[in-house]
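In: Kindly return the folded structure for what I paste below:
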Amino acid sequence: MTVQPRPSILSIEPYIGGESKIPGVNRIIKLSSNEGAFGPPPSAIAAIQGMAAEAHRYPDGSATALREAIGKAFKLDPARIVTGNGSDEILTMLILAYAGEGTEVVMSAHGFAMYDLVGRWAGSRVIKVPEKNLTTDVDGMIAACGPRTTMVFLANPNNPTGSLLSNEEMVRLRQGLRKDIMLVLDSAYAEYCTAPGYDAGDKLVDANPDNTVMTRTFSKIFGLGGMRVGWAYASPKIIDVLNRVRGPFNVNAAGMAAAIGALSEQGWIEKNVAHNSAERERMSEALSKAGFKIWPSHCNFFLCDFGSVERAKAADAALRSRGLIVRAMGGYGLGHTLRITVGTQEENQMVIDALTAFAANG
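Out: Model prediction:
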């Protein structure tokens with residue numbers, strides 16, 4: 001007899017992040033993890049450096065200054081905000097608190113892998129609902145919910161497809177779910193979305209405070225993926241639950257200082273959004289002209305469709321030969337595509353040149 005984990009743990013495929021190295025290649029352009037094109041804001045870098053001499057001090061366990069800064073930046077009540085070691089930790093806390101053995105978690109077929117991974121960890125049955133045209137099927141999500149369903153997860157815009165549900169569809173989803181089912185709206189890419197009238201989720205939470213949560217991150221447009229800072233907005237009742245289960249110092253001091261600094265950087269979001277929108281369109285047009293299908297995206301990445309798994313693998317190899325790392329999508333059931341992060345103008349041109357040459361060579 002040996003020590004054994006719960007059976008559901010062994011069904012988990014470990015999460016694999018985007019690669020950052022290619023053997024034998026010196027200059028690497030990493031466009032596999034949807035990191036911000038311009039890195040961290042200068043104010044965030046200064047804040048991190050300023051914290052070095054205080055590294056021996058424990059951080060504020062309540063993240064008071066950070067929650068106040070988030071509340072001011074997004075016009076939200078700081079008392080209804082909780083911070084985490086990236087939004088991944090908050091998603092984990094939510095699932096472990098509200099799901100578990102004997103429950104079901106519902107997600108879209110091509111939703112973020114962490115919903116499935118943590119759902120299995122908790123012991124829940126994870127139900128993946130087929131999509132329509134790589135977009136969440138609201139009616140399918142509602143129909144998939146049974147008596148054991150306790151949570152529904154949806155990223156909007158979605159990773160890895162880049163697709164978006166309208167506010168009306170989000171409201172319809174919430175109204176179609178039982179009131180005892182929690183809807184978790186993952187808005188990691190909210191800042192990049194320029195769709196008219198887009199609601200990142202706070203309005204949906206305010207209209208449905210008892211059963212709806214919005215999660216956000218500093219890892220994308222704010223360029224702080226390495227600092228691991230995320231947050232959630234919910235009702236006081238749900239925030240109380242999360243504060244009961246989170247670690248006492250779950251966000252480090254440098255991360256909190258960096259996030260506060262990032263929020264204070266004037267024009268940072270506007271600069272990044274303008275660049276991302278223009279470059280994503282430029283890349284999409286160029287790659288479409290080269291003969292590839294580009295799926296519409298509202299994020300800082302897009303899916304390039306090669307029509308078959310074999311051709312996608314060949315394209316990936318062609319990119320890697322030039323030091324360009326993008327994300328293969330086999331793990332998401334989209335092996336015929338590659339997810340390409342929008343980088344700097346120079347990096348993006350390198351992708352265009354590489355894939356145009358690949359297309360020309362058959």
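In: any idea how far residue 133 lies from residue 338?
Out: Plainly put, residue 133 is 19 Å away from residue 338 if you go by Cβ to Cβ, to the nearest Å. C-beta: built from backbone N, CA, C; applies to glycine.
In: quick one, which of the two is more surrounded?
Out: Legend: neighbour count by other Cβ atoms under 10 Å for residue 133 and residue 338, higher for residue 338 (25 against 9).
In: ok, the strand or helix carrying the more buried one: who's next to it in the sheet?
Out: Secondary structure assigned from DSSP states H and E places residue 338 in strand 337-341. Strands adjacent to strand 337-341 in the sheet, as given by DSSP bridges, are strand 301-305 (antiparallel), strand 327-328 (antiparallel).
In: Put the alpha carbons of the helix or strand just after the first one into PDB.
Out: Spelled out, it's strand 301-305. Using DSSP H and E, the helix or strand that follows strand 301-305 in sequence is helix 309-320. The C-alpha coordinates for helix 309-320 follow below in PDB (Å, rounded to 0.1, in the frame of the first residue of the first chain):
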ATOM      1  CA  VAL A 309      -2.600  20.000 -37.700                       C
ATOM      2  CA  GLU A 310       0.200  19.000 -40.000                       C
ATOM      3  CA  ARG A 311       0.400  22.400 -41.700                       C
ATOM      4  CA  ALA A 312       0.200  24.200 -38.300                       C
ATOM      5  CA  LYS A 313       3.100  22.200 -37.100                       C
ATOM      6  CA  ALA A 314       5.100  23.000 -40.200                       C
ATOM      7  CA  ALA A 315       4.400  26.700 -39.800                       C
ATOM      8  CA  ASP A 316       5.400  26.500 -36.200                       C
ATOM      9  CA  ALA A 317       8.700  24.900 -37.200                       C
ATOM     10  CA  ALA A 318       9.200  27.600 -39.800                       C
ATOM     11  CA  LEU A 319       8.700  30.300 -37.200                       C
ATOM     12  CA  ARG A 320      10.900  28.700 -34.600                       C
END
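In: Tell me the strands beside the helix or strand that helix 309-320 is followed by, with direction?
Out: From helix 309-320 onward toward the C-terminus, using DSSP H and E, the following helix or strand is strand 324-325. In the sheet containing strand 324-325, its partner strands are strand 29-30 (parallel), by DSSP bridges.
In: Mind putting the strands paired with strand 337-341 into JSON lines with mean pLDDT, distance to residue 164 and mean neighbour count?
Out: Shown next, in JSON lines, are the strands paired with strand 337-341 (pLDDT from 0 to 100; distance: least, Cβ to Cβ, whole Å; neighbours: other Cβ atoms under 10 Å):
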{"stretch": "strand 301-305", "mean pLDDT": "98", "distance to residue 164": "13", "mean neighbour count": "24"}
{"stretch": "strand 327-328", "mean pLDDT": "96", "distance to residue 164": "20", "mean neighbour count": "23"}
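In: Show me the one of those strands that comes nearest residue 236.
Out: Residue 236 sits nearest to strand 301-305 of all those, at 34.9 Å, using Cβ to Cβ.
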